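> A predicted structure for the sequence below; I have some questions about it.
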Amino acid sequence: MNIPEKNHRLLLEKLGIEKESLTLNNDIIIEKSAKGEPTVKIGDSYIHSKYDPAGEARKVITAALSPQPAHSAVQNETFDCWVFGGFGLGYYIESFLDSNDDAKIIIVEPEISLLAAAAQVRDLEKIINSDRIYYVISAEPEVVSLILSNIQVEKVNYFQMISEYNMNPEYFDKVKKNISAYISRKEINNNTLRRFGKLWVKNLSQNLAQFTLFPGLIDAQNVFANIPALIVAGGPSLDAIFPYFKQLARRYLIVAVDTSFNASVAAGVIPDILIVIDPQYWNSRHLDRSSEYDSILISEPSTYSKVFRIFKNYKYFSGSVFPLGQYFEDATFPRGKIGAGGSVATSAWDFARQAGCSEVLFIGLDLGYPDKKTHFKGSFFEERSHTLSNRLCPASNMDFSLITDATLIETESYTGAVVFTDKRLEIYRQWFEEQLNIHSLKTMNLSQNGVKIKNMEVIELKTALEKPDIRALIDARIDSIKNFIDEYKKGKGMEAFLKTEEVLNNLYILLENLIKVVTEAKKSSELLLNHCKGIKTLEPDYVQALLGNLDKADADILSQSSRTIAGFLLQDTIRAITRGNTEKTFSAIIEKSHKIYLELEESIKLHRKYINSAKVLLRKQT
């Protein structure tokens with residue numbers, strides 16, 4: 001079997017790329033380099049060296065992987081994923097595989113003809129057979145961030161083939177933008193975990209009775225099939241739409257987010273659906289004075305508990321993204337996931353998608369500050385700013401501070417004018433653009449002056465008002481859903497509810513077993529740390545015995561199923577155990593290990609405390 005035949009077979013078997021799609025463009029020219037290896041040029045531009053393409057690749061990759069100066073914030077060897085902008089004939093990828101044994105690789109090649117050329121002249125078996133490589137071939141740049149999200153890597157490095165960049169700078173600039181957005185999202189998620197981790201665990205433990213009793217999002221699939229949805233986000237452009245809100249409500253399923261619920265009621269429309277996913281007390285204040293309404297609540301089990309006391313009767317829960325909630329799903333039944341791009345509006349869209357809505361129309365989705373406004377009139381935060389304002393600090397100053405503190409970014413609105421946004425809102429836009437590239441749900445926007453979102457068309461208000469009146473159909477569907485929830489609570493929900501205390505008891509036992517191991521490890525690491533600091537010198541044999549204790553403890557910790565629950569609050573330190581220490585001194589290694597055990601012990605104690613509180617709450621509701 002010759003090289004082209006072998007490559008074509010492997011490409012079909014491993015990547016599903018058929019031979020017929022691997023056609024060469026007329027301007028691609030394959031030549032023999034001075035060293036005898038194939039090289040390639042497009043037009044007059046060489047993609048690789050015309051003298052020694054393999055040697056050039058080895059030299060460049062070696063330099064890229066070399067340790068950075070000591071003062072550098074991030075060392076190259078810490079990257080667990082490398083994105084290669086360009087494939088060429090595969091020399092750079094091959095050299096990287098030879099030099100690095102661990103990192104995942106994403107190959108981004110907008111021109112499939114280059115892959116076709118490589119398949120003609122180079123043996124690609126090593127590359128194609130590698131299980132570390134993911135491919136973005138002749139695809140939209142947004143696919144890169146989707147792959148990054150799926151493989152969940154922590155540190156990403158981008159390597160650009162300059163020769164390919166020069167031929168398609170716009171495409172590769174978008175790739176870099178998508179990688180930056182992923183890194184920003186990851187950074188925000190990590191910061192959010194550090195800020196709210198304990199609150200999520202507390203809320204989830206308090207909400208377990210609700211979580212087990214009510215149906216999951218998996219039971220809401222296609223419940224609004226063929227019905228258009230109107231999602232009411234919380235941007236300032238709502239002010240212009242609310243005068244027509246009653247008319248729109250005759251034509252659309254109304255899905256409100258927490259920030260817009262009471263404003264919708266004030267405009268004369270009680271939303272059919274309410275989406276709430278925030279764990280904070282202040283966010284629940286958006287729903288003050290809402291207890292008399294019977295909207296269907298879609299939520300996540302770590303939401304602030306007050307929300308479930310306000311909306312008592314009809315709920316769907318998404319599955320938890322946190323280990324404690326996942327433990328309860330595994331012990332009872334799956335709930336289904338809801339998409340989350342950082343904003344509740346993203347979750348509202350994903351609910352509409354899963355519910356089978358025929359299309360989605362957004363109002364109040366500005367993702368920026370049109371006319372330098374931050375909120376619609378009457379929002380909780382606007383009312384709060386007026387309440388807290390005084391002669392020296394008027395409400396307008398608070399809006400100004402909110403905008404200026406956010407580091408503004410200029411971008412384009414749907415009208416083509418400049419509108420200001422910020423890094424956080426840009427991440428939400430990126431999420432929508434990614435999802436709209438994957439899913440075929442027709443999604444539109446009424447916010448003419450808001451940030452332009454790719455694949456989300458802006459329409460005129462009169463177009464939305466031309467829809468037929470389907471309110472009777474929507475109300476009938478809502479009644480049917482409420483009947484389903486009532487019956488569910490009596491059957492499958494009650495079965496799960498009655499099982500909850502047993503699940504809590506089992507988890508408590510698992511955490512008890514784990515804390516015994518952790519406590520012993522903490523004692524051993526403390527003795528070693530005191531030895532390193534000269535506080536108490538130990539005999540060499542005893543030091544070795546203590547190190548053996550730590551090795552056994554680490555293995556025991558990693559073997560216990562409850563470690564993911566306890567380790568949720570210290571993911572960075574757990575990662576240090578699983579990946580191995582990079583500290584250079586014995587003392588630093590022991591100090592880091594001791595910190596891990598201390599934090600694990602604290603986390604286990606906190607989980608046990610909330611488990612006991614949850615059991616008390618359960619007994620009150622039984």
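Thanks, I have the structure now. Bear in mind that the values here come from a model prediction, so they are computed numbers and not experimental data. Residues are numbered from 1 along each chain as shown.

> Which phi and psi values does residue 360 adopt?
Residue 360 adopts backbone torsions of phi -130, psi 130, taken as degrees, to the nearest 10.

> Dig out what it forms beta bridges with.
Under DSSP bridges, the beta-bridge partners of residue 360 are residue 229, residue 443.

> In contact with it, which residues are there?
Residues near residue 360 by CB atoms under 8 Å, 6 or more residues apart in numbering: 228-231, 349, 352-353, 441-444. Any C-beta I mention is one placed from the backbone N, CA and C, and that applies to glycine too.

> For residue 8, see how far away it is.
42 Å (CB to CB, to the nearest Å).

> that older thread, buried ones among the contacts of residue 360?
Neighbour-count burial (16 or more other CB atoms under 10 Å) applied to the contacts of residue 360 gives 228-231, 349, 352-353, 441, 443-444.

> Which one of these is nearest to residue 328?
residue 353 (25.3 Å; CB to CB).

> mind checking how far the closest residue to the closest one other than its chain neighbours is from residue 138?
Distances taken as CB to CB, 6 or more residues apart in numbering place residue 441 nearest to residue 353, at 5.0 Å, with adjacent residues excluded. Look at residue 441 and residue 138: by CB to CB, they are 24 Å apart.

> quick one: low-confidence parts of this protein?
For the chain, residues meeting the criterion pLDDT under 70 lie at 67-77, 374-406, 571-584, 622.

> Bridging across strands, which residues link to residue 298?
In this entry, residue 298 is beta-bridged to residue 275, residue 316, by DSSP bridges.

> isn't it right up against residue 217?
Yes. Contact criterion CB atoms under 8 Å: residue 298 and residue 217 qualify, at 7.1 Å.

> who's more crowded, these two?
Shown here are residue 298 and residue 217; by other CB atoms under 10 Å, residue 298 has more neighbours (25 against 22).

> re the thing from before, quick check: the residue nearest to residue 353 vs residue 316, distance?
Computed as CB to CB, the residue 441 to residue 316 distance reads 19 Å.

> Tell me where the stretch 301-450 of the chain has helices.
For the stretch 301-450 of the chain, applying DSSP state H, counting those that start in this stretch gives helices covering 306-310, 323-331, 344-354, 380-388, 395-404, 423-438.

> and residue 615, how many neighbours?
Residues near residue 615, counting by other CB under 10 Å, number 17.

> Can you pull the phi/psi pair for it?
phi -60, psi -40.

> separation between it and residue 621?
Counting by CB to CB, the gap from residue 615 to residue 621 is 11 Å.

> can I get the buried ones among the contacts of residue 360 in TSV with distance to residue 23?
Shown next, in TSV, are the buried ones among the contacts of residue 360 (distance: CB to CB, whole Å):
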residue	distance to residue 23
228	42
229	43
230	46
231	43
349	38
352	40
353	36
441	33
443	35
444	38
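
> related to what we said a few turns ago, which neighbours do residue 298 and residue 217 share?
316, 318, 338, 351.

> Just the buried ones from these?
Among the shared contacts of residue 298 and residue 217, the ones that count as buried by 16+ other CB under 10 Å are 316, 318, 338, 351.

> Present those residues as CSV; the columns should include distance to residue 151.
Formatted as CSV, those follow (distance: CB to CB, whole Å):
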residue, distance to residue 151
316, 29
318, 23
338, 21
351, 26
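
> Looking at these, which one is closest to residue 479?
Using CB to CB, residue 316 is the member of those that sits closest to residue 479, with 15.7 Å.

> OK, contacts around that closest one?
Residue 316 touches 214-217, 219-220, 296-299, 485, counting by CB under 8 Å, 6+ apart.

> In helices, which of those residues appear?
By the criterion of DSSP state H, membership of the contacts of residue 316 in helices covers residue 485.

> Name the nearest of the contacts of residue 316 relative to residue 288.
residue 297 (15.6 Å).

> State the distance from the closest one to residue 274.
For residue 297, the distance to residue 274 - CB to CB - is 5 Å.

> what do the two both touch?
Common neighbours of residue 297 and residue 274, using CB under 8 Å, 6+ apart, are residue 311.

> okay, the two: which has more neighbours?
Between residue 297 and residue 274, counted using other CB under 10 Å, the more crowded position is residue 274 (29 against 24).

> show me the contacts for that one.
Going by CB under 8 Å, 6+ apart, residue 274 touches 255-258, 261, 295-298, 311.

> next one: residue 408
By CB under 8 Å, 6+ apart, residue 408 lies in contact with 369, 420-422.

> Which single one of those is nearest to residue 465?
Of all the contacts of residue 408, residue 369 has the smallest distance to residue 465: 27.2 Å, by CB to CB.

> Who is the closest residue to the closest one other than its chain neighbours paired with across the strands?
Leaving aside its sequence neighbours, residue 369 sits nearest to residue 420 (CB to CB, 6+ apart; 4.8 Å). The partner list for residue 420 in beta bridges (DSSP bridges) reads residue 410.

> The strand or helix carrying residue 40 packs against which elements?
Assessed by DSSP states H and E, residue 40 sits inside strand 38-42. Packed against strand 38-42, as judged by 3 or more CB pairs under 8 Å, 6 or more residues apart in numbering; DSSP states H and E, are the following elements: strand 28-32, helix 112-121.

> next one: the first one to chain centre, how far?
Taking CA atoms, centre = their mean, to the nearest Å, one finds the center of strand 28-32 at 43 Å from the center of the full chain.

> likewise stretch 323-335?
Distance of stretch 323-335 from the chain centroid (CA atoms, centre = their mean) equals 20 Å.

> what's that stretch in contact with?
With CB under 8 Å, 6+ apart as the test, stretch 323-335 has contacts from 201, 204-205, 208, 211-212, 216-218, 301-302, 317-320, 492, 496, 499-500, 503, 506-507, 564-565, 567-568, 607.

> How about stretch 257-269, which residues are buried there?
257-265, 267, 269.

> Excluding its own residues, what touches that stretch? List them.
Contact with stretch 257-269 is made by 231-234, 238, 242, 245-246, 249, 254, 256, 270-271, 274-276, 278, 283-284, 286-290, 293, 295, 307, 344-345, 348, 364, 376, 378-380, as judged by CB under 8 Å, 6+ apart.

> And the contacts of stretch 422-429?
With CB under 8 Å, 6+ apart, stretch 422-429 has contacts from 181, 184-185, 188, 341-343, 345-346, 367-368, 406-409, 411, 421, 451, 453.

> ok so, going back, give the partner strands of the following helix or strand past the strand holding residue 40 in its sheet and their orientations.
Downstream of strand 38-42, the first helix or strand assigned by DSSP H and E is strand 45-46. As defined by DSSP bridges, the strand partners of strand 45-46 come to strand 38-42 (antiparallel).

> Can I get the strand it pairs with in CSV? Just the C-alpha atoms.
This file holds the C-alpha atoms of strand 38-42, laid out as CSV (Å, rounded to 0.1, in the frame of the first residue of the first chain):
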residue,chain,number,x,y,z
PRO,A,38,8.5,17.4,0.4
THR,A,39,7.6,21.0,0.9
VAL,A,40,4.7,23.1,-0.4
LYS,A,41,3.9,26.5,-1.6
ILE,A,42,0.6,28.3,-2.4
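
> Since that was my last question, I'll sign off now.
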